[in-house]
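Asker: based on what follows, work out the 3D shape:
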Amino acid sequence: MDDEEVERLRSVYVDLMGFVPPRIQARTDLLSRVDPEGLRLQEALRRHFMYPKCFDVKTAQLMLFGMLLVNLQDAAKLHAIAARRAGATWEELAAVVGLAFLFRGLSAANYGSQILMEIAQAEAQEAEQAARR
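Answerer: You can find the predicted model right below:
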């Protein structure tokens, strides 16, 4: 797989989250060299399931955030970031944390709150840096 195709595959992550997460970077690095067709298939399936026609990007990302939060998976943060970039409000993200709390308990509420606070802090830092420019 040539570098241009790898960058094209990664660009969807940049559009969605603003960056390519390290694990995705590693997977695309490895598979582009040892199993390019496998990488193409993974990304085609991902595109199909990540962007269902019946949901907008924000709604899909909010659902993914909740699903991953219930399992206390660290990728929950990536989907919270993506939901935010797709226009999710703090109220909507906090509501997802509340839903996760109902079925996972305080650990989901605590972890979800930590994620939202980290994203808020990162956004504040970005705003400060932009203001200085």
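Asker: list the buried residues for the longest helix seen in the chain?
Answerer: For the chain, the helix with the greatest residue count under DSSP state H is helix 106-132. Going by neighbour count (16 or more other CB atoms under 10 Å), the buried part of helix 106-132 is 108-109, 111-112, 115-116, 119. Every residue, glycine included, has its C-beta placed from N, CA and C.
Asker: which one of those residues is nearest residue 98?
Answerer: Closest approach to residue 98 among those (CB to CB): residue 109, at 7.6 Å.
Asker: can you pull the pLDDT of that closest one?
Answerer: At residue 109, the model reports a pLDDT of 98.
Asker: so what's it up against?
Answerer: Neighbouring residues of residue 109 by CB atoms under 8 Å, 6 or more residues apart in numbering: 97-98, 100-101.
Asker: can you give me the helices in the chain?
Answerer: Using DSSP H, helices in the chain cover 3-17, 22-34, 36-50, 57-70, 75-85, 90-104, 106-132.
Asker: winner for burial among those?
Answerer: helix 75-85 (a mean of 23; mean count of other CB atoms under 10 Å).
Asker: and the contacts of that helix?
Answerer: Contacts for helix 75-85 (CB under 8 Å, 6+ apart): 16-18, 21, 57-58, 61-62, 64-65, 68-69, 88, 92-93, 111-112, 115-116, 118-119, 123.
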